[in-house]
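1. sequence isn't available, so here's the structure alone:
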């Protein structure tokens with residue numbers, strides 16, 4: 001099963017952090033610069049850590065060059081609870 005989320009990214013932050021909201025979506029601050037896909041990789045790693053899944057379970061679907069990104073997370077769900085992440 002997959003879960004889709006939208007996030008607002010703040011690249012070049014002092015520290016990496018997942019939390020807060022901007023225009024109703026989750027905010028992800030990353031220290032990586034917004035160049036050569038480094039911030040995108042950092043966002044996927046931060047989301048994976050926050051959701052307790054492997055980095056390979058997080059896919060950037062839309063927003064490769066914008067601050068608003070659409071991510072897909074692969075998880076296994078049993079009775080509404082995440083039981084395993086791919």
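-> Nice, thanks for sending it over. Everything numeric here is computed off the predicted structure, so don't read it as measured data.
2. residue 44 is in contact with residue 73, isn't it?
-> No: counting by C-beta atoms under 8 Å, residue 44 stays clear of residue 73, with 9.6 Å between them. For every residue, glycine as well, the C-beta is placed using N, CA and C.
3. spit out the residues that contact those two alike.
-> Counting by C-beta atoms under 8 Å, 6 or more residues apart in numbering, the shared contacts of residue 44 and residue 73 are 58-59.
4. so, low pLDDT: which residues of the chain?
-> 76-86 (pLDDT under 70).
5. for it, what spans make up the strands?
-> Assigned by DSSP state E, the strands in the chain fall at 2-10, 17-22, 25-29, 58-62, 68-78, 81-85.
6. could you say which of these is packed most deeply?
-> With neighbours taken as mean count of other C-beta atoms under 10 Å, the strands of the chain reach their highest mean count in strand 25-29, at a mean of 19.
7. neighbouring contacts of it?
-> Residues contacting strand 25-29 (C-beta under 8 Å, 6+ apart): 5-10, 13, 15-21, 43, 46-47, 68.
8. one more pass at 10 Å, please.
-> 5-22, 39, 42-44, 46-47, 50, 67-71 (C-beta atoms under 10 Å, 6 or more residues apart in numbering).
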